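Participant: Dropping the sequence and predicted coords here.
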Amino acid sequence: MNLIQSTIMTSLPAGQKKTPSGWIAFNAPCCVHNGETQDKKKRGGIMNSADGTVSYHCFNCGYKASYVIGRKLTQRMRSFMSYIGIADDTIKKLAIEAMRHEESDVVREKKRFVSFNKKSLPKNTHTLDVWLEKYVAQDLTNTQYKKIDNLLNYLKSRGIDPTWYDFMYSEDSYFNFDQRLIIPFYWRGDVVGYTGRLFEPSDKVKYVTEVQPGYVFNMDAQDWSRKFVLVTEGPFDAITTSGVSILGSEINDIQRELIEGLNRQIIVVPDRDRPGEKLINQAIEFGWGVAFPEWHDSVEDTADAVLKYGRLFTMKSILKSTETNKLKIDLKRKMYG
């Protein structure tokens with residue numbers, strides 16, 4: 001563990017709890033600094049990686065910060081350090097320490113290689129193709145048949161073709177996976193996580209997600225003949241437009257590195273809500289393009305647009321409305337609210 005990691009870990013609030021996926025959970029200190037009420041449900045999470053990376057994510061207000069060894073200490077990470085009580089002079093010393101690492105040729109070579117650990121899917125998980133074969137052959141129990149029928153109806157209601165992604169389903173009742181559509185997360189062909197989305201009415205949490213810090217969804221599926229990449233917030237948005245998803249509304253350092261590593265025009269398509277503003281601000285900071293398609297007010301994201309207008313029209317409207325100039329982006333943002 002490097003000096004920056006150890007300083008952060010020893011400064012975390014009391015009452016920490018380690019989750020099965022490796023996150024260390026605690027009451028998030030950032031919420032009160034970002035217009036939200038004080039977190040009392042341990043919605044803040046931090047994860048350390050063996051390569052020296054430390055990532056923080058608040059699952060309440062959405063604040064993200066990370067430090068990647070070999071890179072500068074970002075302002076967001078400095079702010080997080082301040083939130084957990086690290087003194088300003090200590091933060092300045094750690095910033096110098098980060099710069100020292102940045103000068104290392106060994107570290108510079110190391111940071112080019114990003115990897116994610118393999119993860120197991122829920123028990124008895126099979127691809128939707130396997131379940132559909134049994135569904136068509138009527139080789140299912142009444143309960144299984146009803147579940148698959150409800151799952152297919154859910155996809156239809158979202159305007160999503162079952163063949164657009166490697167969707168999966170599990171009969172495991174743990175975390176109600178038997179009521180969830182499973183979307184596996186791939187990295188270089190390996191499963192490195194997943195999200196399970198409820199497809200039946202329930203008072204349970206809508207998504208159950210196993211994701212590693214810095215992961216960008218749908219990178220494996222990118223068409224290398226494309227001259228652009230669409231950056232969206234949710235997995236369904238990425239699936240319906242063949243883009244990538246940051247699985248949230250803020251981009252961390254690793255995600256930025258991976259997306260820019262595609263070496264093509266980057267177009268952000270934010271959700272049309274307040275959290276989407278954060279993504280627009282980051283796009284301006286990074287010099288990325290932002291799309292402002294003229295969709296009906298009922299359309300909240302690209303997945304909704306595909307359902308209402310179809311894939312071809314949605315793609316054309318995104319590309320046609322993309323702005324790269326900061327002043328024009330700010331103007332369009334005000335125009336479309």
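Facilitator: Received the coordinates, thanks. Small disclaimer: the values here were computed from a predicted structure and weren't measured.

Participant: tell me which element residue 327 is part of?
Facilitator: According to DSSP states H and E, residue 327 maps onto helix 326-336.

Participant: Pull out the buried residues from that helix.
Facilitator: For helix 326-336, a neighbour-count test (16 or more other C-beta atoms under 10 Å) marks 329, 332-333 as buried. The C-beta positions use only the backbone N, C-alpha and C, and glycine is treated the same way.

Participant: Return the member of those nearest to residue 4.
Facilitator: Among those, residue 329 lies closest to residue 4 (C-beta to C-beta), at 33.3 Å.

Participant: Could I get the phi/psi values of the closest residue to residue 223 other than its chain neighbours?
Facilitator: Setting aside the residues directly before and after it, residue 223 is nearest to residue 242 in space (C-beta to C-beta, 6 or more residues apart in numbering), at 6.5 Å. Backbone torsions of residue 242, given as degrees, to the nearest 10, read phi 60, psi 30.

Participant: rewinding a little: now do the helix holding residue 327: which elements does it pack against?
Facilitator: Helix 326-336 is packed against helix 274-286, strand 289-291, with contacts defined by 3 or more C-beta pairs under 8 Å, 6 or more residues apart in numbering; DSSP states H and E.

Participant: So for the shortest one, what gets flagged as buried?
Facilitator: Neighbour-count burial for strand 289-291 flags 289-291 (criterion: 16+ other C-beta under 10 Å).

Participant: what's the spacing between that strand and its chain's center?
Facilitator: On the basis of C-alpha atoms, centre = their mean, to the nearest Å, strand 289-291 sits 18 Å off its chain's mean C-alpha point.

Participant: Going C-terminal from it, what's the next secondary structure element?
Facilitator: Downstream of strand 289-291, the first helix or strand assigned by DSSP H and E is helix 302-309.

Participant: Can you name every helix or strand that that following helix contacts?
Facilitator: When contacts are defined as 3+ C-beta pairs under 8 Å, 6+ apart, helix 302-309 sits against helix 235-241, helix 311-320.

Participant: avg pLDDT for stretch 118-129?
Facilitator: Across stretch 118-129, the average pLDDT comes to 92.

Participant: With stretch 47-66 instead?
Facilitator: Mean pLDDT, stretch 47-66: 79.

Participant: Please tell me how far the nearest residue to residue 292 once chain neighbours are set aside sits from residue 297.
Facilitator: In this structure, residue 292 finds its nearest non-sequential neighbour in residue 332, 4.3 Å apart by C-beta to C-beta, 6+ apart. Distance, residue 332 to residue 297, by C-beta to C-beta, to the nearest Å: 16 Å.

Participant: can you check residue 29 too?
Facilitator: 36 Å.

Participant: more crowded one of those two?
Facilitator: Ranked by neighbour count (other C-beta atoms under 10 Å), residue 29 and residue 297 place residue 29 first, with 20 against 8.

Participant: that older thread, closest one to residue 35 among the helices and strands packed on helix 302-309?
Facilitator: helix 235-241 (25.1 Å).

Participant: So which elements touch that closest one?
Facilitator: Contacts defined by 3+ C-beta pairs under 8 Å, 6+ apart place helix 235-241 against strand 228-232, strand 244-245, helix 302-309, helix 311-320.

Participant: okay, those, which one's buried deepest?
Facilitator: Most buried of those by mean neighbour count (mean count of other C-beta atoms under 10 Å) is strand 244-245; its value is a mean of 26.

Participant: Residue 3 contacts residue 94, correct?
Facilitator: Yes - the criterion here is C-beta atoms under 8 Å, and residue 3 meets it with residue 94 at 6.9 Å.

Participant: which of the two has more neighbours?
Facilitator: With neighbours defined as other C-beta under 10 Å, residue 3 and residue 94 compare such that residue 94 has more, 21 against 13.

Participant: Find me whatever residue is spatially closest to that one, sequence neighbours aside.
Facilitator: Sequence neighbours aside, residue 4 is the residue nearest to residue 94 in space, at 5.3 Å (criterion: C-beta to C-beta, 6+ apart).

Participant: burial count for that neighbour?
Facilitator: By other C-beta under 10 Å, 21 other residues sit near residue 4.

Participant: which secondary structure element contains it?
Facilitator: Using DSSP H and E, residue 4 falls within helix 3-11.

Participant: residue ranges with poor pLDDT in the stretch 1-150 of the chain?
Facilitator: Residues of the stretch 1-150 of the chain that meet the criterion pLDDT under 70 lie in 19-22, 49-52, 102-113.

Participant: Now do the same contact list for the spatially most central residue of the chain.
Facilitator: Centroid-nearest residue in the chain, with C-alpha atoms, centre = their mean: residue 247, separated by 1.9 Å. Counting by C-beta atoms under 8 Å, 6 or more residues apart in numbering, residue 247 makes contact with 195, 209, 211, 215, 217, 233-235.

Participant: And those, which is closest to residue 180?
Facilitator: Once C-beta to C-beta is applied, the member of these that ends up nearest residue 180 is residue 195, at 8.6 Å.

Participant: For the closest one, give the beta-bridge partners.
Facilitator: Per DSSP bridges, the residues bridged to residue 195 are residue 183, residue 209.

Participant: what's it in contact with, if anything?
Facilitator: Residues counted as contacts of residue 195 (C-beta under 8 Å, 6+ apart) are 182-183, 185, 207-211, 235, 247.

Participant: Before I go, just wanted to say thanks for your time.
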